[in-house]
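# what's the 3D shape of this:
(2 chains)
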There are 2 protein chains.
Amino acid sequence: MTQSIGLITPQTLHIETPLPLDCGEQLSSYELMYETYGQLNAAGSNAVLVCHALSGNHHAAGYHSAEDRKPGWWDNCIGPGKMIDTDRFFVVCPANLAAYGGSTGPGSENPATGRPYGPDFPVVTVGDWVRAQNELRQRLGIEQWAAVIGGSLGGMQVMQWAIDFPGRLLHAVVVAAAPRLSAQNIAFNEIARQAIATDPEFHGGRYLEHDQVPRRGLMLARMLAHITYLSDEAMRDKFGRDLRQGQLNYGFDVEFQVESYLRHQGTSFVDRFDANTYLLMTKALDYFDPARAHDGDLAAAFAPVTARFLVISFTSDWRFAPARSREIVDALVDAGKQVAYAEVASTLGHDDFLMTLPHYVDTTRAYLDHVADEVGA
Amino acid sequence: MTQSIGLITPQTLHIETPLPLDCGEQLSSYELMYETYGQLNAAGSNAVLVCHALSGNHHAAGYHSAEDRKPGWWDNCIGPGKMIDTDRFFVVCPANLAAYGGSTGPGSENPATGRPYGPDFPVVTVGDWVRAQNELRQRLGIEQWAAVIGGSLGGMQVMQWAIDFPGRLLHAVVVAAAPRLSAQNIAFNEIARQAIATDPEFHGGRYLEHDQVPRRGLMLARMLAHITYLSDEAMRDKFGRDLRQGQLNYGFDVEFQVESYLRHQGTSFVDRFDANTYLLMTKALDYFDPARAHDGDLAAAFAPVTARFLVISFTSDWRFAPARSREIVDALVDAGKQVAYAEVASTLGHDDFLMTLPHYVDTTRAYLDHVADEVGA
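Just a heads-up that it's a prediction; the model follows:
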């Protein structure tokens, strides 16, 4: 646990104010689970919001017990003296609606029926998440975030914050994201959804009531996702064409190391994730497209922005390639906004945003140090 | 049927000479289904072998009946006056062992049991296929192919021919291929196999005996393959983020055009393909690696080659990118062999090898015209 924020206890906020959703429905009440790291200063000016991605939740850093073998999902980057420095910032990470293992979602009890929501949980959007996060902000007594930070789907939430609540954040840090999914991105999501939805144990999303889990579908979805998280180069460096037993077996058991890796990733995911959550997360990704309301003009979508941006991409990321980040940067420039951009030479792929490449960490820490100075943290 | 070779009747060859396989087993007898287009000249010098890829078979060109709505899989490129000109060449296209709808394969009767082979059909390799094709060559009375031609997995067979039977071909035309799969290529294949093998209707490969088909698995495998056949750019041009009904529906039915396309590709494939064949084809791809026996030295693997090569790649192909073709070219050069290389500017992706981009068709036709002149065709 060296350099870790240490033991952390998640907190839960019950919100009774109805939340209107983009789909037209509303949640009459809901819970947000969140964690905080570091101390809010007297001026309340040093709060940083961290937004999570597809498989993340509120547990971004530290450990829940001394027996935990793994820390939170971004422990690499959040902690004392780390990229997001908890000695200077008060870091808040909520689980989004429908995220796994946290806030209100498809596994929660539907007040209308007394049974789990399952497939009846509404299709939530990045906009819905940000509105819910804003309710949390208010209740924590934070006037304005010093920064909102997120990678991948988390970076989409950062953009949405800057558009929807311009007065509520000073800085926006968007890592390894895109202004909208490409057709190929949507295609990958659709195959993952089909894998889950066609699993006979999915039961139309009511698998909990059948005491079953669509393991096969969820496993396939995760295996597929891992292909997009790693660069071709990283796969070559990690696995090459290495054979697990040093020889071809002319059969269908695991032979190449990469097969072994993927099967392990797939099967271990099943025990710690929920199928309906996976479906909803991929839909939120597909739907995100702030330019849609402006005839595809992203600069017009950014018109209300007052936050200053740091945008970071990784050269080996083919899920959200640097060209996608440059679309964000170009649109911000066209809209007359302030934006810094770093393209980090990398080899791992999309997963690099969870790692600690020096160019990435040093650039971001330097930027955030200035933010901390600015807000008197 | 303009410019088509017209009506074609497939032929079948029963071969009673046992075929030893790389896996150590042997086929005591087998059938090869094949088609021929054009006329063998008196010297027997104008024969061209066409090798098919994963989902192909013997039906490469023409129509089987006047009612057929679609011609053979490479009708674009094989016919009178076309890239592979049947006015000059006698073109032979066999279905490989285990290919769908043709030669002996997992759906054939296993002489040992009187039931379909199913999962007991041996894992066949590119080397096995080429040995079987060589039996066909002999029985057709062809001393030497003027050229052996193939794209993708077909291109791998072309390389194997040049290595294993150097005296039996004058020219080798390798289109959109690779000297071995990358870890990422294997990963995609593994997910496809897992999708099929974990489908409850797969029944360990004995689905025919259960009168069932692992439709879901085969559908997912095909959807996934289509992502790798099309470039990101082609997907954007074809589908963008277009919505089928012009608006978001906040549900899990088809919304984006690309979803509709993939589901159609997946479901239509199920009716015309076999799951065990899919598994075997992906294994043949994974195993192909002529450099393996030479400590990874591809130039050493090419040492026996006497054929002259034409290698063609497509700039937008990310399944087998131009860099993979250049590995082939570089190794041939290092081995002191004769090779021409064309990198065709393209947008569609891997599928471009089935299309008729002028640079591709003109280069290949010009090359083959010289071959025809050379053999007196």
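# surely A:G118 meets A:P214?
No - between A:G118 and A:P214 there is no contact under CB atoms under 8 Å: 11.9 Å. All C-beta spots, glycine's among them, are computed from the backbone N, C-alpha and C.
# mutual contacts of those two, please.
A:Y207 (CB atoms under 8 Å, 6 or more residues apart in numbering or on different chains).
# neighbour count for these two, which is higher?
A:P214 (25 against 20; other CB atoms under 10 Å in any protein chain shown).
# show me what contacts that one?
Contacts of A:P214 by CB under 8 Å, 6+ apart are A:I196, A:D199, A:E201, A:F202, A:Y207, A:A275.
# and the gap between the most centrally placed residue in chain A and B:S182?
Centroid check for chain A by CA atoms, centre = their mean gives A:A53 as the closest residue, at 1.1 Å. As for A:A53, its distance to B:S182 is 26 Å (criterion: CB to CB, to the nearest Å).
# just the CA atoms of the helix or strand of chain A with the lowest mean pLDDT, as CSV, please.
Across the helices and strands of chain A, mean pLDDT, DSSP states H and E gives its lowest value to helix A:232-238, namely a mean of 91. C-alpha atoms of helix A:232-238 as CSV (Å, rounded to 0.1, in the frame of the first residue of the first chain):
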residue,chain,number,x,y,z
ASP,A,232,-1.5,-4.5,-31.9
GLU,A,233,2.1,-3.7,-30.9
ALA,A,234,1.3,-4.3,-27.2
MET,A,235,-0.2,-7.6,-28.0
ARG,A,236,2.8,-8.6,-30.0
ASP,A,237,5.2,-7.5,-27.2
LYS,A,238,3.1,-9.2,-24.6
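# about what we covered before: mind telling me what element the residue nearest to the centre of chain A is part of?
In the assignment (DSSP states H and E), A:A53 maps to no helix and no strand.
# mind listing what it touches?
A:G150, A:G151, A:S152, A:L153, A:G154.
# can you rerun that using 6 Å?
A:S152, A:L153, A:G154 (CB atoms under 6 Å, 6 or more residues apart in numbering or on different chains).
# now, those residues that are in helices?
A:L153, A:G154 (DSSP state H).
# tabulate the contacts of A:A53 (a markdown table), appending pLDDT and neighbour count.
A markdown table is the format used below for those (pLDDT from 0 to 100; neighbours: other CB atoms under 10 Å in any protein chain shown):
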| residue | pLDDT | neighbour count |
| --- | --- | --- |
| A:S152 | 98 | 27 |
| A:L153 | 98 | 25 |
| A:G154 | 98 | 29 |
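# up against chain B, what does chain A have?
Selection of chain A residues close to chain B by CB under 6 Å from any CB of the partner chain yields A:23, A:123, A:182-184, A:186-187, A:190-191, A:195, A:198, A:200, A:216, A:220, A:223-224, A:227, A:232, A:235-236, A:239, A:250, A:256, A:258-259, A:262.
# what subset of those is buried?
Among the residues of chain A next to chain B, those classed as buried by 16 or more other CB atoms under 10 Å in any protein chain shown are A:23, A:123, A:182-184, A:186-187, A:190-191, A:195, A:198, A:216, A:220, A:223-224, A:227, A:232, A:235-236, A:239, A:250, A:256, A:258-259, A:262.
# out of these, which sit inside helices?
Reading helices off those with DSSP H, I get A:183-184, A:186-187, A:190-191, A:195, A:216, A:220, A:223-224, A:227, A:232, A:235-236, A:258-259, A:262.
# give me the element A:G150 is part of.
strand A:145-151.
# from the chain's centre, how far out does that strand sit?
For strand A:145-151, the separation from the chain centroid amounts to 12 Å (computed by CA atoms, centre = their mean, to the nearest Å).
# partner strands of it, parallel or antiparallel?
If you go by DSSP bridges, strand A:145-151 pairs up with strand A:47-51 (parallel), strand A:169-175 (parallel).
# ok, the residue nearest to A:I8 when sequence neighbours are not counted - contacts?
In space, and not counting its chain neighbours, A:I8 is closest to A:G62: 3.7 Å by CB to CB, 6 or more residues apart in numbering or on different chains. Shown here is A:G62, whose contacts under the criterion CB under 6 Å, 6+ apart are A:S4, A:I5, A:G6, A:I8, A:P71, A:G72.
# against chain B, how distant is A:G62?
33 Å (CB to the nearest CB, to the nearest Å).
# same question, A:T306
28 Å.
# my read is that A:V123 contacts A:A284, right?
No - counting by CB atoms under 6 Å, A:V123 stays clear of A:A284, with 7.9 Å between them.
# residues of the longest helix seen in chain A that come out buried?
In chain A, with assignment by DSSP H, the single longest helix is helix A:358-374. For helix A:358-374, a neighbour-count test (16+ other CB under 10 Å) marks A:Y360, A:V361, A:T363, A:T364, A:R365, A:Y367, A:L368, A:V371, A:A372 as buried.
# for the third one, give me the pLDDT.
Listed pLDDT for A:T363 reads 98.
# can you pull the contacts of it?
By CB under 6 Å, 6+ apart, the neighbours of A:T363 are A:A342.
# re earlier: for the residue nearest to the centre of chain A, phi and psi?
phi -100, psi -160 (degrees, to the nearest 10).
# for it, give its distance to B:S346.
Distance from A:A53 to B:S346, by CB to CB: 33 Å.
# contacts only, for the residue of the stretch 1-150 of chain A found nearest chain B.
Going by CB to the nearest CB, chain B is nearest to A:C23 of the stretch 1-150 of chain A, at 3.7 Å. For A:C23, the contact set (CB under 6 Å, 6+ apart) comprises A:P122, A:V123, B:Y250.
# from B:N276, how far off is the spatially closest residue to the second one that is not a sequence neighbour?
What sits nearest to A:V123 in space, not counting adjacent residues and going by CB to CB, 6+ apart, is B:Y250, at 4.2 Å. Between B:Y250 and B:N276 the distance is 40 Å, computed by CB to CB.
# ok, now A:L140?
Applying CB to CB to A:L140 and B:N276 gives a distance of 58 Å.
# so these two - more neighbours on which side?
Just comparing A:L140 and B:N276: by other CB under 10 Å the higher neighbour count belongs to B:N276, 25 against 18.
# quick one, domains of chain A?
A:11-180+A:288-374, A:185-282 (automatic domain parsing).
# can you map out the strands along the stretch 251-377 of chain A?
Ranges of strands within the stretch 251-377 of chain A are A:308-314, A:339-344, based on DSSP state E, counting those that start in this stretch.
# so which of those strands is the most surrounded?
Of those, the one with the most neighbours on average (mean count of other CB atoms under 10 Å in any protein chain shown) is strand A:308-314, at a mean of 25.
# strand partners (parallel or antiparallel) of that one?
strand A:169-175 (parallel), strand A:339-344 (parallel).
# for the ones you listed, give me TSV that also has distance to B:D317 and mean pLDDT.
Conversion of the strands paired with strand A:308-314 to TSV gives the following (distance: least, CB to CB, whole Å; pLDDT from 0 to 100):
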stretch	distance to B:D317	mean pLDDT
strand A:169-175	30	98
strand A:339-344	25	98
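# distance to A:H14 added to those strands, as JSON lines?
Rendered in JSON lines, the data for these read as follows (distance: least, CB to CB, whole Å):
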{"stretch": "strand A:169-175", "distance to A:H14": "25"}
{"stretch": "strand A:339-344", "distance to A:H14": "38"}
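# and for chain A, the residue most distant from the center?
A:Y250 (40.3 Å).
# my read: that residue touches B:T125, true?
No - applying CB under 6 Å as the test, A:Y250 and B:T125 come out as separate, 8.4 Å apart.
# okay, and the nearest residue to A:E31 once chain neighbours are set aside sits in which element?
With CB to CB, 6+ apart as the criterion, A:E31 has its nearest non-adjacent residue at 5.0 Å, and that residue is A:T104. Assigned by DSSP H and E, A:T104 belongs to no helix or strand.
# pLDDT score for A:T104?
Taking A:T104 on its own, its pLDDT is 98.
# tell me the contacts of A:A183?
A:A183 touches B:M235, B:R236, B:F239, B:V258, counting by CB under 6 Å, 6+ apart.
# try it again with 7 Å
A:A183 makes contact with B:M235, B:R236, B:F239, B:G240, B:R241, B:V258, according to CB atoms under 7 Å, 6 or more residues apart in numbering or on different chains.
# no further queries at this time; thank you.
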